[in-house]
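Asks: Take this sequence and fold it.
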Amino acid sequence: MSITSLLPWLVGLVGLYGAWLLLLYVGQRSMVYPGTRISERPPLAADRQDRQVIWLETAWGPVEAWFLPAPGATRGPAVIVGHGNAELIDSIPGGFLGLRARGYAVLLVEYPGYGDSAGKPTVDTVTQAFVAAYDVLASRADVDAGRIVGMGRSLGGGAVCALAAQRPLQALLLVATFADLPSLSRRYLAPARLASERFDNESVLRTYEGPVFIAHGTRDELIPVEHARRNASATARSRLVTYDTRHDECPVDFDRFWNDVDTFLTVALPTP
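Replies: Okay, here's the model as predicted:
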């Protein structure tokens, strides 16, 4: 078969690939932020009945956050939690609130455009919402501003790392999160430079001076465990723990997970 006869096929393949890239480019924010399509909020969980609803002031409108006080604490540490991209703050699994039982107040921050929060989610608006959340949290009389930890699951890891680049977080807990979001475009056969949502956790961790706990599933089909290894290699003060789980299952065993976190924090953070 001659090159001339192959040319129409090659042109057709190039056209199909170009159409595929265009489809990905136009629809990428819908893929990164599917939670904007959740039309009905789930019932309020029992472990969130004592929430204090906070409406964060942003340039595009109010963003919702829930403050869960630590049991019996008058002034103590706190953790800001960023959830996965297909969740709302209502549906964060209760197992991820384990620091509350350890004396931490918890602030659950919603993404712009999710639930009843105004705006549209982008790297910039998510970062601004988390910065606003931090500032509100640090100003509270019942929170020790020097002992605020960031915890993020999947996309939430991008949110808390972006926050760590702008505000002092005492430590980071990253669960099933990426090293950088653009490199995930390879699984769709697309070049990373086409990605508009450019969360880059690895770059933040290179300059972050606090301790970092990283948990990841070895069978993660969405964010390969290599991303966790890249994050761990980016900072000298890291501990990587892997579990035999897929992405949405990480971690299956919360007792083991919190035992690993307790061991890490006992060594990494000074006791006041």
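
Asks: which stretches of the stretch 101-250 of the chain have low pLDDT?
Replies: Applying pLDDT under 70 to the stretch 101-250 of the chain picks out residues 185, 188-195.

Asks: Go again with 80.
Replies: 184-197 (pLDDT under 80).

Asks: where exactly do the strands run in it?
Replies: 105-109, 143-153, 171-175, 212-217, 238-243 (DSSP state E, counting those that start in this stretch).

Asks: I'd like those strands as TSV, with distance to Arg41 appended.
Replies: Where C-beta positions appear, they are placed from N, C-alpha and C, glycine not excepted. Formatted as TSV, these follow (distance: least, C-beta to C-beta, whole Å):
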stretch	distance to Arg41
strand 105-109	13
strand 143-153	19
strand 171-175	23
strand 212-217	27
strand 238-243	30
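
Asks: got the ones you listed as CSV, with mean neighbour count columns?
Replies: Formatted as CSV, these follow (neighbours: other C-beta atoms under 10 Å):
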stretch, mean neighbour count
strand 105-109, 25
strand 143-153, 22
strand 171-175, 26
strand 212-217, 25
strand 238-243, 18
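
Asks: Tell me which of the ones you listed lies nearest to Phe199.
Replies: strand 143-153 (10.1 Å; C-beta to C-beta).

Asks: What helices and strands are in contact with the closest one?
Replies: strand 76-82, helix 123-138, helix 155-164, strand 171-175 (3 or more C-beta pairs under 8 Å, 6 or more residues apart in numbering; DSSP states H and E).

Asks: now the second one against strand 143-153, angle please.
Replies: For helix 123-138 against strand 143-153, the angle by axes from the mean of the first three to the mean of the last three C-alpha atoms, to 10 degrees is 150 degrees.

Asks: Same check on the last one?
Replies: Between the axis of strand 171-175 and that of strand 143-153 there is an angle of 20 degrees, by the same axes, to 10 degrees.

Asks: Kindly report the same for the third one.
Replies: On the basis of the same axes, to 10 degrees, helix 155-164 is oriented at 140 degrees to strand 143-153.

Asks: Contacts for helix 155-164 next, please.
Replies: 32-33, 80-85, 109, 111, 123, 126-127, 130-131, 134, 150-152, 169, 172, 174-178, 181, 199-201, 204-205, 208, 210 (C-beta atoms under 8 Å, 6 or more residues apart in numbering).

Asks: With respect to Gly217, which of the helices and strands packed on strand 143-153 lies nearest?
Replies: So among the helices and strands packed on strand 143-153, strand 171-175 is nearest, using C-beta to C-beta, at 9.4 Å.

Asks: How far off centre is the closest one?
Replies: Relative to the chain's own centre, strand 171-175 is displaced by 9 Å; criterion: C-alpha atoms, centre = their mean, to the nearest Å.

Asks: helices or strands up against it?
Replies: strand 143-153, helix 155-164, strand 212-217, helix 254-268.

Asks: Let's see that with 6 Å instead.
Replies: strand 143-153, strand 212-217 (3 or more C-beta pairs under 6 Å, 6 or more residues apart in numbering; DSSP states H and E).

Asks: In its sheet, which strands sit next to that strand, and in what direction?
Replies: According to DSSP bridges, strand 171-175 has the following sheet partners: strand 143-153 (parallel), strand 212-217 (parallel).

Asks: Distance to Ser39 added to the ones you listed, as a markdown table?
Replies: A markdown table is the format used below for those (distance: least, C-beta to C-beta, whole Å):
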| stretch | distance to Ser39 |
| --- | --- |
| strand 143-153 | 22 |
| strand 212-217 | 29 |
